[in-house]
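Pasting the sequence and the predicted coordinates here, then a few questions.
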Amino acid sequence: MDFESEKNGTSSIKLISKEGDEFLVSTEVAKMSKLVEQTLDDEDDDCDFDDYSEDDMKEIPLPNVKAAVLTKVLEYCTYFTEIEPMRPIQTPLKSSKTEEIVQKWYADFCCVDRVTLFELVTAANFMDIKPLLDLTCLAVAVMIKGKTADEIRKIFNMSNNFTAEEAVQVTEENKW
């Protein structure tokens, strides 16, 4: 997949997904990820420029990120870098509607199935892309707002390990 705009003459790198799919990405877009940025900086420190040619394409493996999720991550990073940066998410949240907190494109970006949203959270965390992590965590927060503990356990596929007595005790200790 090619996320590189060759016409602007920017440098590019290859990101390699968990499945081994290669994504050609402009360095500017890829550096939204602090993991990628640090890896590139470390490679520059280790590079012997006598042995390096411009034809050598830097490759960065991302073994924790599936190709489908990396596609979405790069869509986000490209839009953020080249079209319109997301405005910072203000806390405390003024609304429980994502579209009232961030621009429409970013709110629409989060309209994915639950599994994909959680995978985006994980990828943003692994790749250290703070604005994407903030956005996806906002989407999760909006998803669970107003839900009961049982509903939240179901969303996160968590079991209730409390005995009936423990559940009553926890409920009593945490009355609001």
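On my side now, so go ahead. Numbering: from 1, shown residues only.

How about the contacts made by the residue positioned nearest the centre of the chain?
Central residue of the chain (C-alpha atoms, centre = their mean): A124, 2.5 Å from the mean position. Contacts here follow C-beta atoms under 8 Å, 6 or more residues apart in numbering; on that basis A124 touches V73, K130, L132, L133, T136. In this view, the C-beta of every residue, glycine as well, is placed from N, C-alpha and C.

Looking at those, which is nearest V25?
Checking those against V25 with C-beta to C-beta, the nearest one is V73 at 10.0 Å.

returning to that earlier point: would you check which pair of the contacts of A124 lies furthest apart?
Using C-beta to C-beta, the two most remote members of these are V73 and K130, lying 12.9 Å apart.

SS state for V25?
Three-state call for V25 (DSSP: H, G, I helix; E, B strand; the rest coil): strand.

For it, grab the count of nearby residues.
Neighbour count for V25, taken as other C-beta atoms under 10 Å: 26.

and the gap between it and C110?
To C110, V25 is 22 Å away according to C-beta to C-beta, to the nearest Å.

low-confidence ranges in the protein?
1-10, 44-56, 176 (pLDDT under 70).

Just the helices from it, written as ranges.
Taking DSSP state H to define them, one finds helices in the chain at 27-30, 34-46, 67-82, 104-109, 114-127, 130-144, 149-155, 164-173.

among those helices, which is the most enclosed?
When you average the neighbours per residue for each of these (mean count of other C-beta atoms under 10 Å), helix 27-30 leads with a mean of 21.

The residue lying closest to V73 once chain neighbours are set aside and S95: what is the separation?
Leaving aside its chain neighbours, V73 sits nearest to A123 (5.3 Å; criterion: C-beta to C-beta, 6 or more residues apart in numbering). Distance, A123 to S95, by C-beta to C-beta: 26 Å.

who's in contact with A68?
Contacts of A68 (C-beta under 8 Å, 6+ apart): T116.

Please repeat the previous calculation with a cut-off of 7 Å.
Residues near A68 by C-beta atoms under 7 Å, 6 or more residues apart in numbering: none.

Lovely, talk soon.
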